[in-house]
Structures are given as structure tokens and as C-alpha cells.
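Participant: quick check, what structure comes out for this input:
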Amino acid sequence: MKALTQQLLSLFAAPVLAGLLGAYPPLVQAAPVQEIRIAVPDVSAGPNHSGGGVVDVLYTRQLLEKEFAADGIQVKWTFFKGAGPVINEAFANDQVDFAYLGDLAAIIGKSSGLDSRLLAATARGVNHYLGVQPGSGIQSLQDLKGKRVGLFRGTASQLSFDNALAAEGLSEKDLKVINLDFGAALAALAARQIDATWGLAGLFALREKGLADIPLSTRDLGGAGTLQAVLVGNGKFVDAHPDLTQRLLKVQLQAVQWASADDNRDAYIDLVSKQASYPAVIFKSEYQDRGLTEVLSPKLDDGFLALLDESIQAAKTYGLIRRDFKASEWAKPELQEAAGKQVAGQPVAALQ
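Facilitator: Numbers count the residues shown, from 1 in each chain. As a prediction, the model looks like this:
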């Protein structure tokens, strides 16, 4: 009888135990990270790579490389002349762990189904400028009707331009828009192949050579058309390695603190100008009457998320995306907040 009971117990116990093991598989640790891949739109007008902001501090001073060296983790920077559209493609092919992007490119990626996480703000209220042929007589956006305008579609510059046009009761349909990347648009304007282009501070380099006039900017439009820039992370990487993500954000915050310090303002502007091959006066004009603490603040605060929500809705209105979403659902502010606690109270590094 006792033997029979033991046989019955074993018959019942085996499938139950197998079921439990099936329901709770053994934990599998993620493979050690050997490389962190970072993508940046290249805005340089010269031989050096440039992201045009705090990226240049991180890149030129190799701050992330130093942070992760002891872990045996390499940092791979890729600067794309194709900007946001090409970076989103690389994101889709799982070739990117983090990307520094203007608002529209990041929004298009999220809307199209890329599994990204919004990790930090990297620039607020970035101005755009209208560059035109010298002597063209173009002084306003209204003067662009029927004109050939070079515009980098799929980037934050397109959203900036569409917002600026809307503020004047215009749209792209009123113009002859030609899709050109930043470098091609500058070259086309210099060669008088287009009448105008809408872009960033690189236009000042053309003006310095007498190859362009800059009749207006987003400042003249009451801020209509300014853009925001962000850091986004690959969802798979961020979820699997929140500790590494937090450390990256910590180093970025330290770089922002250095760049934002009043004593370092000129050094920061000189660094970015040299890296981008733009005259320093361009960035001094861009940041005139604006504190870099405000411009470079990485916080995903309610004000910044509200600006992104406006960009998301504008992109939907202009037909640049099909599916809208809320910035608050995209953001991961807790990682930024944790990084801030690590940095709090620490002296600002000289970043030599």
C-alpha cells in the first residue's frame, strides 16, 4: 500500500513540478554590453563632426568614453549628414542605442512605431533663419510665394518652417519646395540654384562670404518656428540597461553644468564654433540675452513636454505624421531625475 501511494504521488508530482518550472523559467542575464552606439545629425560646415551643442562637449572631451572605460565598454559615435531620416532608419535596423535629434525627427520615429524612450531635453527654443540670394529683394515669408526654397524634409527644420509659414497664413503649397539636406541647400543657395532656404546658424557662414542675406529669423516672428532638441534611447537598450542609461545622463548633465556656468560661456561658444566651423559671432548672436542654463536644461519638465505636445499636434496637422501621442507617455523622467541626484552637490568639472 505504501509503495502504491508513493507511485501515485510521483505521477501527480511530475506534471505539477514541470508546470511550475514552465511557468517560471530560469532567469537569463542580458549579455554584457561591449559598445554604446550614439547617433547625431552632423551640422558641421567643416572637416570636424558637430552636433551643434552639448554633444560637442561630450564628443570632443571624450567624457562618455572615460565614464565607461573601466567597464570595458566602447562608445561609438556616428554623425549622419542625412540627419533625422537616416538616423530613424538606423534606429529601425537596431543599429542605434541613443540618438540626439531635433523634435520632428524624434516625433516621426515614435509615431511610425520605433520603440524609443524620451530621455532628456538637449536644446530649447532653437532659432531658425531665412537665407536668401543677395539682392533678391526677399524680405518676408510672404515674398517667398512661388519661389524655390530648399528645405530638409523629415527634420526639425521642416516643422520649424511649417510653423513659421502658418504664423503668416502660408503653407508649403504656396512655394516651390525642394528637398535638400543642410549642406546641399547651402551649396544650392550659394550657386543661385534656389531662391531661399530655411535653416540653422550655418547660414551665417554664407553671409560672411557675401553669398547670402538673412532678412529674418524666428525671433522676428515672435518665436514661431523655434524648435526643441532631445535625446532618445532605444527602448530595448534602455529597459535592459537602466543603470548604463542613467550614467550616460549623469555625464551629460555634468557637461551641461559646465557649459551653463557663466565663467565657461565663452569657452563653450568657442568650442562649438570651432567644431562646427562657424564664426563664434553666430553663436554669440544665437544666445544673446538668453542664459545657457535655460537653453541647455535637460529636464523633462511640464513646460518642455507641453512644447513637444504642440510639435506633435502641429506635425499631425501638417500631415507629417499619421498617429499622434502624448509626450508624457513617451518620456522617462525618472532616469534623468536619478542622474540629477548623483550629480547634486558635486563640483562642476573643468572638462579639460
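Participant: strands of the chain, start to end?
Facilitator: Chain-ordered strands for the chain, with DSSP state E as the definition, fall at 35-41, 74-80, 98-102, 116-126, 129-132, 148-151, 176-179, 196-199, 213-217, 227-234.
Participant: who are the contact partners of Lys81?
Facilitator: Neighbour list for Lys81: 42, 181-183 [criterion: CB atoms under 8 Å, 6 or more residues apart in numbering]. Glycine gets a C-beta too; all of them are placed from N, C-alpha and C.
Participant: quick check: His49 touching Val40?
Facilitator: Yes: with contact taken as CB atoms under 8 Å, His49 and Val40 are classed as touching, separated by 7.5 Å.
Participant: pick out the most distant pair among the contacts of Lys81.
Facilitator: Asp42 and Asp181 (9.9 Å; CB to CB).
Participant: shared neighbours of these two, anything?
Facilitator: Each of 81, 83 lies in contact with both Asp42 and Asp181 under the rule CB under 8 Å, 6+ apart.
Participant: which non-adjacent residue is nearest Gly137?
Facilitator: Ranked by CB to CB, 6 or more residues apart in numbering and with sequence neighbours excluded, the top spatial neighbour of Gly137 is Asp143, at 7.1 Å.
Participant: how close does Gln139 get to Arg207?
Facilitator: 15 Å (CB to CB, to the nearest Å).
Participant: tell me the contacts of Gly84?
Facilitator: Shown in contact with Gly84 (CB under 8 Å, 6+ apart): 41, 101-102, 104-106, 108-109, 154-156.
Participant: more neighbours, Gln139 and Arg207?
Facilitator: Legend: neighbour count by other CB atoms under 10 Å for Gln139 and Arg207, higher for Arg207 (16 against 12).
Participant: list the contacts for the residue lying closest to that one once chain neighbours are set aside?
Facilitator: Leaving out its chain neighbours, the residue that sits closest to Arg207 by CB to CB, 6+ apart is Ile214, at 5.6 Å. Ile214 makes contacts with 129-132, 203-204, 207, as judged by CB under 8 Å, 6+ apart.
Participant: in the stretch 151-300 of the chain, which spans are helices?
Facilitator: Per DSSP state H, counting those that start in this stretch, the stretch 151-300 of the chain has helices spanning 156-167, 182-190, 203-208, 235-240, 242-260, 265-276, 280-286, 292-296. These are given in chain order.
Participant: so which of those comes closest to Phe304?
Facilitator: For Phe304, the closest of the helices of the stretch 151-300 of the chain is helix 292-296, at 10.9 Å, according to CB to CB.
Participant: in that closest one, what's buried?
Facilitator: Residues of helix 292-296 classed as buried by neighbour count (16 or more other CB atoms under 10 Å): 292, 295-296.
Participant: centre of the chain to it, how far?
Facilitator: Computed by CA atoms, centre = their mean, to the nearest Å, the chain-centroid distance of helix 292-296 equals 15 Å.
Participant: how about residues contacting it?
Facilitator: Outside of helix 292-296, the residues within contact range by CB under 8 Å, 6+ apart are 53-54, 122-125, 256, 259-260, 265, 268, 287.
Participant: now the closest residue to Leu64 other than its chain neighbours, which residues is it bridged with?
Facilitator: Across the structure, with CB to CB, 6+ apart as the measure, the residue nearest Leu64 apart from its sequence neighbours is Val75 (4.7 Å). The bridge-partner assignment for Val75, based on DSSP bridges, gives Ile36.
Participant: quick check, Val75 in contact with Ile36.
Facilitator: Yes: with contacts defined as CB under 8 Å, Val75 counts as touching Ile36 at a distance of 5.1 Å.
Participant: between these two, what contacts are shared?
Facilitator: 64, 68.
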